[in-house]
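>>> Generate a structure from the sequence data that follows.
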Amino acid sequence: MFRRRPPSWAAALALLVPLLAVPAGPARAAADPPVLVDFDSGGIPSGVYAWGNDTASTPTLTIEPGADRPGAPSGNQVLRSGYAISQWGGWSQDLAATQDWSPYEGFSFWVKGEGSGRRIFFELKDGGTGPGAAELFESSFTDDAAGWRQVKVPFASFTRRADYQPGGAPTDGELDLVAMWGYAMRLPTAAGTLEWDQVELYGTAPPRPARLTTDQPVYPVNERSEARVSVTVTTATGAPLEAALSVAYRTGTGTATPGRDYTPAEGTLTFPAGTASGSSRSFTVKILGDGGNEVAETVPVELSGAGTRPPAEPPVIVINAHGLPYLDARRPVRERVADLLGRMTLEEKVGQMTQAERLALAKQSDIAAYRLGSLLSGGGSTPTPNTPRGWADMIDAFQLQTRATRLQVPLIYGVDAVHGHNNVTGATIFPHNVGMGATRDADLVRRAGEVTADEVRATGVPWDFAPCLCVSRDERWGRAYESFSEDPALVTRMTTVIDGLQGHGVLATAKHYVGDGGTAYGSSTTGDYTIDQGVTRVSRQELEAIHLAPFAAAVRRGVGSVMPSFSSVDFGDGPVKMHAHKELITDVLKGRLGFKGFVISDWQAIDQIPGDYPSDVRTSVNAGLDMIMVPYAYPEFTSTLKAEVEAGRVPVSRVDDAVARILTQKFRLGLFEHPYADRSHQADVGSPAHRAVARAAAAKSQVLLKNDGRLLPLSRDAKVYVAGSNADDIGNQSGGWTITWQGSSGPITPGTTILQAVRDRAASVTYSRDASADPAGHDVGVVVVGETPYAEGFGDVGRQGRTLELSAADRAAVDRVCGALKCVVVVVSGRPMALGDLSGVEAVVAAWLPGTEGAGVADPLFGAVPYTGRLPVTWFRTVDQLPINVGDAAYDPLFPYGWGLRTDPARDRLRAARDELAAGDGPARAAAAALTLALAGRNWNADGSVREARTVLAALGVAATLLERAKSAAYAQGDAVVSVARDLAQSVGRRPDLQARADHELAAGHLRKAVDLLAQAAR
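Numbers count the residues shown, from 1 in each chain. The predicted structure follows:
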């Protein structure tokens, strides 16, 4: 999924309304308003910086003379911002510590405009742990005149930014002013120059009223019960009340009928002078029973009082829907769907088709007001605190709002848990998919899906935007690590992750349909991306064979949702955006493949379809999209889709099909019966048992590329010298999509770094990140190098100078250590990298992005488990070969697809497989007999390697033929048989094309073809 690019600001314009403030009590005296920055220091002031979606969109900031500003002193200086913005950009001033701005009236600055007529937004950063995690409140001005002007905006006129909020930001929706982190100026999507000066606060704040809140915004109750409403009074300063407050309450007019559905209530709650801020009083409302089966009915609660500010979300009592067929869990899902769909209005149906980012909500009651069917957390969009309980509390609060709707349809909440529940601090982080593909272990992949589902579900999330079933065909792609392999046969085998997720109660999403891994380098038109979201130019036959096959397997496994790709497909008559591709979504996916789930769009992806917004909406829905990830423009989307249906441009039948598909999955997940988080397993998030599975996955993902002189495994008695940028960095080894969208370096979440794991294994360890410490006196060097985190197009090669080369620091560390010691180079990366001359390096390990369990890297390094992983992608010799893939006519890689040296004896592998097969069906027992002949002592060397290759290969061929007919044999036994033939081919080192094709045949289940190809390569 694409993440965190703030969209156009059009949606925010409609939301610019002043905040209500009711004066109460004496005004707070303000000191002289502070100047935040005046630019007279001679250089760019500390904390002031520019930003943008790419380098070209990042404004150029300079300090220039500005004596022409009205009222400016001689020698005055100003900030000039030159800009040419394609998507978003601007400049900010971040404060080193929070400031209290509550004594002042508003925010002011001088700006020298161009008379462009453009709307320019600016925002304040309120609360949170820092400037990057503050709640954002915005205002704007129009550049309608050339020259200097002073902009003065009262704080009461700022509104919460509706189109974007940073991950971890507060969500109270109030500009509290007591912990301000600074401000930002967002420049137009255009080119121009603006000058700025004298950013300051002004005036004295009006009196601030006491705030009224209730313990819940929504009170769902059944008939013949009562609702108890607790009202809390909080002063602006946190001090006790200076004077008594009286809060009047009454039940208002809703859809429930007073006297029949409830007994009206009215009264006063008294808070005497001296009452502590945060004190509460309560009242009850009696709910009656009318005996009928009906939808939910509402009873609004009205609160008022002199010197008070009413709740931001007006509270409401809801009498739950009851007695209707769709609420009866004993009925078949199809019957429940039909009953519910038949009761829905067009507005309710459109709401079910809408998915908003949780930070986009102008207020939580919008969930009910717009009848939203879904919310999501994009990468890095997390609650505060970012804990399992914090997640459950947040999502339960969202679900509570759905109780206020007429039909009480629950939300389905989605996250990108793409390698574990990776947004949650402390969760178990698995290797990214490229590493999981290297394990070749479909059962382990399924188990990883189970662990992920258990942790996701424990936080209240029922829907995962995973797995990515892309078939990555070019390592220059910034999403290459999201792919299990370049081979569709292997990706297809790894669809077992769907069973793991859905078998443990979490809806899986097969993405990105279809062809996202085949985009041509240079075809992207998104920002400065070079390949991500580009164009896949293929024939229908090639698309079917390479890119569609894993999705067909996912449909057979019953995957509940499918997400189209940002990319386009070009069959020769021009590119068509996948979100507009009716042939592939409706005719192929839903038609020929028989997909019964629902199709969810990617992040704001329909906006990339050519045409205006109504055209985007009708084209995508008519193409077969069932739910649209807006993610910010939910008011605009719902009104637009409703208008398109009413105009007849989107058939009602298409809407009904979409909503029926969505409701079916909600019923199957049990959300109607259990909408709230099951917190009973929150202690399992990041538990030792779960981390043990991730550790095993990391260990099996390690691919031994080179092992001259059998350097590996290392002795635990060895004196080890460790160096390199990725040796001691949990963020780097976890990669993108970890805690935040792009990921980041450093100790971002609990886990074990590779260095820590080596220290746990080796008797003596010296660590020098840059290899500046003297390596003398050590037995072996371990240099851990590779990439730093990125996600999606940010990782595209060619974007802002990104390459597949090791950094200069990593290259220097390799040269220093391997020039002085026998050494192993461990490459931590999301894809193959240019390794250069390996003649002075004894051993090389591809560690991929192993996640939080660095012990999994150290386990095979020191022989606790053998190296068994194999390359899921071709390791290029030079970048000029890219793209290079198994099956290419010209194929001369550094290491072929399927390459992987092993450190366990071949004879032991074969003997274990023989013993397991001997207890199977007839073909399995016959295969065991063939292996018994191969296992004769004369065919083997003392170290367990093959002596008589011809004899052993012949027996392996016979066994492979029999295993293809055996029903009792597992993949692992066939894999062991083929692995011995692979050992022989790798020892010879010829015909990489045959070795790669053999691994493809093995993944496809053709064991005899695999053995024959390897036997040919071993000659």
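
>>> so where do the strands sit in the stretch 451-600 of the chain?
Under the criterion DSSP state E, counting those that start in this stretch, the stretch 451-600 of the chain carries strands at the ranges 463-464, 509-513, 535-537, 561-564, 568-570, 575-577, 598-599.

>>> can you list contacts of the longest one?
By Cβ atoms under 8 Å, 6 or more residues apart in numbering, the list of residues contacting strand 509-513 from outside reads 1, 414, 463-470, 495, 498, 550-551, 554-555, 559-567, 578, 584-585, 589, 599-600, 602. From N, CA and C alone the C-beta is placed, and that goes for glycine too.

>>> Please enumerate the helices of the stretch 301-450 of the chain.
Assigned by DSSP state H, counting those that start in this stretch, the helices in the stretch 301-450 of the chain fall at 333-343, 346-352, 366-369, 388-402, 433-439, 442-458.

>>> can you give me the strands for the stretch 701-850 of the chain?
So, for the stretch 701-850 of the chain - with DSSP E, counting those that start in this stretch - the strands run 703-707, 719-723, 764-767, 780-786, 823-828, 843-848.

>>> okay if I get these as CSV plus distance to Asp339?
Below are the strands of the stretch 701-850 of the chain laid out as CSV (distance: least, Cβ to Cβ, whole Å):
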stretch, distance to Asp339
strand 703-707, 54
strand 719-723, 64
strand 764-767, 65
strand 780-786, 55
strand 823-828, 54
strand 843-848, 49
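
>>> Format the ones you listed as JSON lines; extra columns: mean neighbour count, mean pLDDT and distance to Arg950.
Output for the strands of the stretch 701-850 of the chain, formatted as JSON lines (neighbours: other Cβ atoms under 10 Å; pLDDT from 0 to 100; distance: least, Cβ to Cβ, whole Å):
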{"stretch": "strand 703-707", "mean neighbour count": "22", "mean pLDDT": "98", "distance to Arg950": "25"}
{"stretch": "strand 719-723", "mean neighbour count": "24", "mean pLDDT": "98", "distance to Arg950": "41"}
{"stretch": "strand 764-767", "mean neighbour count": "16", "mean pLDDT": "98", "distance to Arg950": "46"}
{"stretch": "strand 780-786", "mean neighbour count": "27", "mean pLDDT": "98", "distance to Arg950": "37"}
{"stretch": "strand 823-828", "mean neighbour count": "26", "mean pLDDT": "98", "distance to Arg950": "34"}
{"stretch": "strand 843-848", "mean neighbour count": "27", "mean pLDDT": "99", "distance to Arg950": "30"}
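
>>> Among those, which comes closest to Gly351?
Ranking the strands of the stretch 701-850 of the chain by proximity to Gly351 (Cβ to Cβ) places strand 843-848 first, at 41.4 Å.

>>> got the angle for that closest one vs strand 780-786?
30 degrees (axes from the mean of the first three to the mean of the last three Cα atoms, to 10 degrees).

>>> one step back: so for Ser945, which of the strands of the stretch 701-850 of the chain sits nearest?
Nearest to Ser945 among the strands of the stretch 701-850 of the chain is strand 703-707; the distance by Cβ to Cβ comes to 13.1 Å.

>>> Tell me the helices and strands packed up against the closest one.
Packed against strand 703-707 by the contact rule (3 or more Cβ pairs under 8 Å, 6 or more residues apart in numbering; DSSP states H and E) you find strand 843-848.

>>> if we can go back for a sec, out of the helices of the stretch 301-450 of the chain, indicate the one that is most buried.
helix 433-439 (a mean of 29; mean count of other Cβ atoms under 10 Å).

>>> Can you name every helix or strand that that helix contacts?
Helix 433-439 packs on helix 442-458, helix 688-701, strand 843-848, going by 3+ Cβ pairs under 8 Å, 6+ apart.

>>> Arg1019: which of the strands of the stretch 451-600 of the chain is closest?
Nearest of the strands of the stretch 451-600 of the chain (Cβ to Cβ): strand 535-537, 37.9 Å.

>>> Tell me the strands beside the closest one, with direction?
Strand 535-537 pairs in its sheet with strand 568-570 (parallel), by DSSP bridges.

>>> ok, and the closest non-adjacent residue to Ile628?
Distances taken as Cβ to Cβ, 6 or more residues apart in numbering place Ser601 nearest to Ile628, at 4.8 Å, with adjacent residues excluded.

>>> again with Gly611
Gly611 sits nearest to Thr619 (Cβ to Cβ, 6+ apart), 6.8 Å away.

>>> can you pull the contacts of the spatially closest residue to Thr405 that is not a sequence neighbour?
Leaving aside its chain neighbours, Thr405 sits nearest to Ala368 (5.0 Å; criterion: Cβ to Cβ, 6+ apart). Applying Cβ under 8 Å, 6+ apart to Ala368 gives the contacts Val218, Gln401, Thr402, Ala404, Thr405.

>>> quick one, what contacts the first one?
Right, Val218. Shown in contact with Val218 (Cβ under 8 Å, 6+ apart): Pro315, Val316, Val318, Ala368, Leu400, Gln401, Arg403, Ala404.

>>> Tell me how far the first one lies from Tyr249.
Okay, so that is Pro315. 10 Å (Cβ to Cβ, to the nearest Å).

>>> Next, show the common contact partners of those two.
Counting by Cβ under 8 Å, 6+ apart, the residues touching both Pro315 and Tyr249 are Val229, Val301, Leu303.

>>> what's the neighbour count on the second one?
Translated: Val301. If you count neighbours by other Cβ atoms under 10 Å, Val301 ends up with 23.

>>> which one of the strands of the stretch 701-850 of the chain lies closest to Ala67?
strand 780-786 (52.6 Å).

>>> What is the closest one packed up against?
Using 3+ Cβ pairs under 8 Å, 6+ apart: strand 780-786 touches strand 719-723, helix 754-761, helix 808-818, strand 823-828.
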